[in-house]
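> here is my input; please provide its structure:
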Amino acid sequence: MTPTLRRYRGAADLDALRQFLIAACAAVDARIYLHPGDVVWRITDTLAKCDPRDVVMVWAEDDQSVAGFSLLYPMYSAYNLCVHPRHRGEDGEAEMLRGTEIALHRLIAHEAAGQSIQAWDVFDDDQPRACPC
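Predicted structure coming up:
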């Protein structure tokens, strides 16, 4: 099933995203871009001035099971995209990446924070995400 984008639903989703990261970290020996505690901190602190419905994107397989999510940081022109390992390298991951970048570009233009994405974390050996620069 191809994951579909849905709006962030508040506290229930916050716990679902944390549980998603716990499962994803276990599946790849903790080699994931955010720690389960990071998502709570980022949404409740780093992004506290933002409406979470504008800066948290959730992709679900059946409207319940999280397949991936993005956190958008318009103030830094940056984002995190976390995709469950079972979806890495699939068309769904590429769609999540495209959707995340489009949404961030819209926020950047609206917030006048800049015109291009400035940063994103990537492991050196993560070739699908590595910049060819």
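> and the nearest residue to M57 once chain neighbours are set aside, what is it in contact with?
Distance criterion CB to CB, 6 or more residues apart in numbering; nearest residue to M57, sequence neighbours excluded, is S70 at 4.2 Å. For every residue, glycine as well, the C-beta is placed using N, CA and C. With contact set as CB atoms under 8 Å, 6 or more residues apart in numbering, S70 has these partners: 56-57, 79-82, 96, 99-100, 103.
> am I right that S70 is in a strand?
Yes: counting by DSSP: H, G, I helix; E, B strand; the rest coil, S70 is part of a strand.
> filter the contacts of S70 down to the ones in helices?
96, 99-100, 103 (DSSP state H).
> from those, which would you call buried?
96, 99-100, 103 (16 or more other CB atoms under 10 Å).
> now those as JSON lines including distance to S65 and pLDDT?
Converted to JSON lines, these look like this (distance: CB to CB, whole Å; pLDDT from 0 to 100):
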{"residue": "M96", "distance to S65": "14", "pLDDT": "92"}
{"residue": "G99", "distance to S65": "18", "pLDDT": "94"}
{"residue": "T100", "distance to S65": "19", "pLDDT": "93"}
{"residue": "A103", "distance to S65": "21", "pLDDT": "94"}
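> these: which two are farthest apart?
M96 and A103 (10.6 Å; CB to CB).
> give me the common contacts of the two.
Common neighbours of M96 and A103 (CB under 8 Å, 6+ apart) are 57, 70.
> quick one: low-confidence ranges for the chain?
1, 28-32, 63, 111-133 (pLDDT under 70).
> again, only this time at 90
Applying pLDDT under 90 to the chain flags residues 1-3, 7, 11-12, 20-38, 61-65, 75-78, 82-94, 107-133.
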